[in-house]
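A.B. asks: Just need the structure, nothing else, for what follows:
(one chain, ligands or ions: 3)
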Amino acid sequence: MHPMLTIAVKAARRAGSIINQASKNLDVLTVSKKTHSDFVSEVDRAAEDAIIKILHTAYPDHAILAEESGAKGDHTTSDYQWIIDPLDGTTNFLHGFPKYSVSIALRHKGVLTHAVIYDPNMNELFVASRGNGAYLNDRRIRVSKRIRLEECLIGTGIPFRDLTHIDAYFAMLKDIVPRTAGVRRPGSAALDLAYVAAGRYDAFWEIGLAPWDMAAGCLLITEAGGLVGDLEGNGTFLESGQIIAGNSKIFSQLLQIIAPHLTPSLIAAQRAAAHSA
Ligand code: IPD
Ligand code: CA
Ligand code: CA
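C.D. replies: Ligands and ions are numbered 1, 2, ... in the order given. Predicted coordinates for the structure are as follows:
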């Protein structure tokens, strides 16, 4: 394993043990609300601090972009940037619903190079390094081989904070549901993307994600032989937060189903992201 990935795994496992420990005493947690339906607990912060401490001790010059503490260091002067979601699926965690994960990615000169997603409930560790494939607990993983949409299981996220695109989203969902074997919304986008890499889902789409929800999962999927794009299939997903991922055949079929539901404001968000990238 590349030394940088080894450090990221150490950080993800440390965060996972903080989360596991705290999950035994959910009643005593201090929880605050960031915005509508956006909760943060002391566990998110403790897990993030532990991750940053491990990464920063090993690589003091690297820049960091973390959900709770924001950007540290200058990624325009440092070639390396760690992108961290210390607890993806906080609402699930707070309800004792066991679908959440730790997500850590490294970008080098703007290119995703290493990724870890850790599910502390299942003790499942998903890792990838650019050019080296994707692994789940040391076993190579690949995206699914299914090509018939009606046999496919699709993951998604239902908008719940920013409801700007909710009508367009439900129009997509309404078109996708009858053409597939089923749609799932567990509530941790990072884990959903890891499941695409592992072939558990054939594809996934969501609107309104942040870079820390997607960065590690995207590298896992491409290293597992899949495709990731925005809702038009282009490369703006990390900036626009609009994402489709899957095996190549189902990726293209989903793009076609979604295309008629792209509103001017969804397209404008992708265009704006393309300019800012
Ligand atoms: C959330 C989860 C969820 C997705 C949201 C994310 P958080 O992350 O990934 O599945 O639908 O958009 O914000 O806030 O629990 O880290
Ligand atoms: Ca998240
Ligand atoms: Ca989070």
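A.B. asks: Who are the contact partners of residue 165?
C.D. replies: Residues in contact with residue 165, defined by CB atoms under 8 Å, 6 or more residues apart in numbering, are 159, 207-208, 263, 265-266. Yep, even glycine has a C-beta here, placed from its N, CA and C like the rest.
A.B. asks: Are any of the residues you listed buried, and if so which?
C.D. replies: Buried residues within these, defined by neighbour count using 16 or more other CB atoms under 10 Å: 159, 207-208, 266.
A.B. asks: In helices only, show me the residues you listed.
C.D. replies: Taking DSSP state H, the ones among those that sit in helices are residue 266.
A.B. asks: Pick the one among the buried ones among the contacts of residue 165 closest to ligand 3.
C.D. replies: For the buried ones among the contacts of residue 165, the minimum distance to ligand 3 (CB to the ion) is 13.9 Å, reached by residue 208.
A.B. asks: Pretty sure that closest one sits against residue 241.
C.D. replies: Yes - proximity of residue 208 to residue 241 meets the contact threshold set by CB atoms under 8 Å, at 5.2 Å.
A.B. asks: in what helix or strand does the closest residue to residue 218 other than its chain neighbours lie?
C.D. replies: Counting by CB to CB, 6 or more residues apart in numbering, residue 228 is the residue found nearest to residue 218 once chain neighbours are left out, at 4.8 Å. Following DSSP states H and E, one finds residue 228 within strand 227-229.
A.B. asks: And the next helix or strand past that strand?
C.D. replies: Next in line after strand 227-229, if elements are assigned by DSSP H and E, sits helix 237-240.
A.B. asks: ok, the helix or strand immediately after that next one in the chain: who's next to it in the sheet?
C.D. replies: Using DSSP H and E, the helix or strand that directly follows helix 237-240 along the chain is strand 243-246. Partner strands and pairing direction for strand 243-246 (DSSP bridges) are strand 203-206 (antiparallel), strand 227-229 (antiparallel).
A.B. asks: Can you name the residues in contact with strand 243-246?
C.D. replies: So strand 243-246 is in contact with 143, 193, 196, 201-206, 209, 214, 217-218, 221, 226-231, 233, 237, 251, 254-255, 258, going by CB under 8 Å, 6+ apart.
A.B. asks: same thing but at 6 Å, please
C.D. replies: 196, 202-206, 214, 221, 226, 228-229, 237, 254 (CB atoms under 6 Å, 6 or more residues apart in numbering).
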